[in-house]
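J.: Build me a structure from this.
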Amino acid sequence: QHKTLNMFYVRIYKEDDVQLFDVIPMLNVHKDPHDCIAENSLVTYTESDVPEEIMGKISVLSMVQSGEYVDDVGYRDEAGSFYIAQ
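T.: Numbers count the residues shown, from 1 in each chain. Okay, here's the model as predicted:
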């Protein structure tokens, strides 16, 4: 709770049969959630260009139930939404 927690918010969805990953960096999420996101920081990746570190952590979180946090990996929100540790 007391350490600085930087995360990526990741939303996964399909559009025209292409899997897309919306990624938003969040810095020090213990503060006001509106203050931890920089303007215009959203980046959308396809499955072929999403960073390997993010994809690996999504794979780990896909094995746990929604609402679970895994140290140094992240938190699985609802289906298709993840908070990935940076």
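J.: Thought Tyr9 was touching Ile24, still the case?
T.: Yes - between Ile24 and Tyr9 a contact is recorded at 4.5 Å, counting by Cβ atoms under 8 Å. All C-beta atoms are positioned from the backbone trio N, CA, C, and that covers glycine.
J.: what's the overlap in contacts for these two?
T.: The contact sets of Ile24 and Tyr9 overlap at Ile37 (Cβ atoms under 8 Å, 6 or more residues apart in numbering).
J.: With neighbour numbers in mind, choose between those two.
T.: The neighbour comparison of Ile24 against Tyr9 (other Cβ atoms under 10 Å) goes to Tyr9, with 22 against 15.
J.: From Asp16, how far out is the more buried one?
T.: Counting by Cβ to Cβ, to the nearest Å, the gap from Tyr9 to Asp16 is 23 Å.
J.: And Glu39, by the same measure?
T.: The separation that Glu39 has from Asp16, given Cβ to Cβ, amounts to 28 Å.
J.: show me where the protein has helices.
T.: According to DSSP state H, the chain carries its helices in the segments 52-61.
J.: so where's this structure shaky on pLDDT?
T.: Within the chain, the stretches with pLDDT under 70 are 1-3, 30-35.
J.: now Gln65, nearest residue through space, not along the chain?
T.: Residue nearest to Gln65 in three dimensions, not counting chain neighbours: Arg76, with 7.2 Å by Cβ to Cβ, 6 or more residues apart in numbering.
J.: Now do the contacts for that neighbour.
T.: Arg76 is in contact with Leu61, Ser62, Val64, Gln65, Ser66, Gly67, Glu68, Phe82, counting by Cβ under 8 Å, 6+ apart.
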